[in-house]
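Novice: Give the three-dimensional model of this entry:
(one chain, ligands or ions: 1)
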Amino acid sequence: MSTQKDQKTAATVAMKGGGYYSESTRGAKDVIDRASAMLQDAAATIPAPPNDTAVSIADFGAADGGTSQEAIRELIVSLRKRFTGRQVLVTYTDLPSNDFSMLFKNMLGLGSETAASYLSEFDDVFVHACGIGFHRQLLPNASLDIGFSATAMHYVSEKPCEIENHVHMVGASGETLKAYAARAKDDWNNILLARAAELRPGGRLVFMNFGIDEEGRYLGNTDGVNMFDTFHSLWKGMAVEGLITADEYCDASFSQFYRTKEEFCAPLLDENSRVSEAGLKLISAHTGMVRCPYRSAFDQAGGKMSAREFAVSYIPTLRSWSETVFANALDAGRSAQERAALVDTFYQRYEDLVAANPDGHAMDYIHCYLAIEKEA
Ligand SMILES: C[S@@+](CC[C@H](N)C(=O)[O-])C[C@H]1O[C@@H](n2cnc3c(N)ncnc32)[C@H](O)[C@@H]1O
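Specialist: Alright, predicted model coming up:
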């Protein structure tokens, strides 16, 4: 049963809607495109679905579907080559708060991103959506051939507590960090067990999730300014100035956990775990960095782009996924206008900070890439 706490967590997880997500998240698309070979490998190895049934693909935590569209198109092309004439079902899953309307507009080529999608390009391809979180089973037993997920499973099912003196678990310590780690461990087991039930024998999972790499790097903390520390210091600054209350300052905690490769792999490498008993086995695991495309464009412009122009291009990519955390931390008693103004102030300050000194600002992506198979 969904609790008030669940709903509060869900409200802070949603991406900014209205197409803003895909438009402002070129880096997330780069991450998916670079892992396209893993999907191709899955297409080459899964067994033919029995009795002419459709090949079933699912994108778990798809947002508006824009960032994965090209990779899924390529996947369908390969599947069609192997299984000529087979119908294909693509299921997009996300939380109920997701902008599913924009997802369907993107599929029909009515979004701002693409003129047409694979849906209009190929016959016998069907698109469904499911607005239930991926911590539980979403598809019938043994009905899924390829499960895909990008940049989504770092969200925990429920915030165990607020994070004192920071906004993210990367800045947490002691009991708070332990509580987030325990929640994330449980969630990961549940995710894998749910997918194990959904997969057909021989089916594949291809996941690319935010994580912490072998050098301790993570999103927005690679070789320059730490993005989460910056979020925190700006938010704290607004509390110190009295623009937001002490409670509002405390309530801005991301419901996320960045796992290490070891944490991702643990239940898959332990032969006695429930996940292994459910038939999942690890095919490959590696970490990788994709550079922030907004920073790269600035560097490549070599003086032809001002620091302000860089800041204006850069901040929306941070805002697309973080805004709901700060907006929902604000007291519900404030008017919508007042809340919007405070959130604008917060991101304007981030923009001003970058414009004043752009050195080291970049949201480089650090992911753990996993290929997993269900025993045939
Ligand atoms: C950063 S976006 C990534 C979107 C897309 N997969 C990509 O790579 O660009 C994370 C997505 O995960 C979704 N999400 C978070 N928790 C989820 C859950 N428990 N179940 C399903 N989707 C979830 C969010 O709503 C959001 O759309």
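
Novice: Spell out which parts of this structure neighbour the ligand.
Specialist: Proximity of the chain to the ligand (Cβ under 6 Å from any ligand atom) is limited to residues 13-15, 25, 28, 32, 61-63, 67, 93-95, 98, 133-135, 150-152, 155, 321. In short, each C-beta sits where N, CA and C put it, glycine included.

Novice: Where does the prediction get shaky in the stretch 51-200 of the chain?
Specialist: Applying pLDDT under 70 to the stretch 51-200 of the chain flags residues 112-115.

Novice: Now do the SS call for Ala341.
Specialist: What DSSP: H, G, I helix; E, B strand; the rest coil gives for Ala341 is helix.

Novice: Near it, how many residues? Count them for me, please.
Specialist: Other residues near Ala341 number 13, with proximity taken as other Cβ atoms under 10 Å.

Novice: show me where this protein has strands.
Specialist: 55-60, 88-93, 125-130, 144-150, 199-212, 259-260, 280-290, 365-374 (DSSP state E).

Novice: Would you reformat the ones you listed as JSON lines and include distance to Ala246 and mean neighbour count?
Specialist: What follows is the strands of the chain, written out as JSON lines (distance: least, Cβ to Cβ, whole Å; neighbours: other Cβ atoms under 10 Å):
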{"stretch": "strand 55-60", "distance to Ala246": "37", "mean neighbour count": "24"}
{"stretch": "strand 88-93", "distance to Ala246": "37", "mean neighbour count": "23"}
{"stretch": "strand 125-130", "distance to Ala246": "39", "mean neighbour count": "16"}
{"stretch": "strand 144-150", "distance to Ala246": "37", "mean neighbour count": "25"}
{"stretch": "strand 199-212", "distance to Ala246": "30", "mean neighbour count": "23"}
{"stretch": "strand 259-260", "distance to Ala246": "31", "mean neighbour count": "18"}
{"stretch": "strand 280-290", "distance to Ala246": "37", "mean neighbour count": "16"}
{"stretch": "strand 365-374", "distance to Ala246": "32", "mean neighbour count": "23"}
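
Novice: Return the residues in contact with Asp33.
Specialist: The neighbours of Asp33, taking Cβ atoms under 8 Å, 6 or more residues apart in numbering as the test, are 70-71.

Novice: Give me the longest helix you can find in the protein.
Specialist: When the chain is parsed with DSSP state H, its longest helix is helix 174-198.

Novice: same for it, what does it pack against?
Specialist: For helix 174-198, the packing partners by 3 or more Cβ pairs under 8 Å, 6 or more residues apart in numbering; DSSP states H and E come out as strand 144-150, helix 261-269, helix 274-277, strand 280-290, strand 365-374.

Novice: got the CA positions of the last one in CSV?
Specialist: What follows is the C-alpha trace of strand 365-374 in CSV, where atoms were taken according to Å, rounded to 0.1, in the frame of the first residue of the first chain:
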residue,chain,number,x,y,z
TYR,A,365,28.4,11.1,-16.1
ILE,A,366,29.7,8.1,-14.2
HIS,A,367,27.8,4.9,-14.8
CYS,A,368,28.1,1.2,-14.0
TYR,A,369,27.1,-0.8,-17.1
LEU,A,370,25.7,-4.3,-16.5
ALA,A,371,24.7,-7.2,-18.8
ILE,A,372,22.8,-9.9,-17.0
GLU,A,373,21.2,-13.1,-18.4
LYS,A,374,18.4,-15.4,-17.1
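
Novice: what's the spacing between that strand and its chain's center?
Specialist: 13 Å (Cα atoms, centre = their mean, to the nearest Å).

Novice: picking that back up, just send the helices and strands packed on helix 174-198 back as JSON lines, with distance to Val170 too.
Specialist: Listed next are the helices and strands packed on helix 174-198 as JSON lines, based on distance: least, Cβ to Cβ, whole Å:
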{"stretch": "strand 144-150", "distance to Val170": "20"}
{"stretch": "helix 261-269", "distance to Val170": "14"}
{"stretch": "helix 274-277", "distance to Val170": "26"}
{"stretch": "strand 280-290", "distance to Val170": "15"}
{"stretch": "strand 365-374", "distance to Val170": "11"}
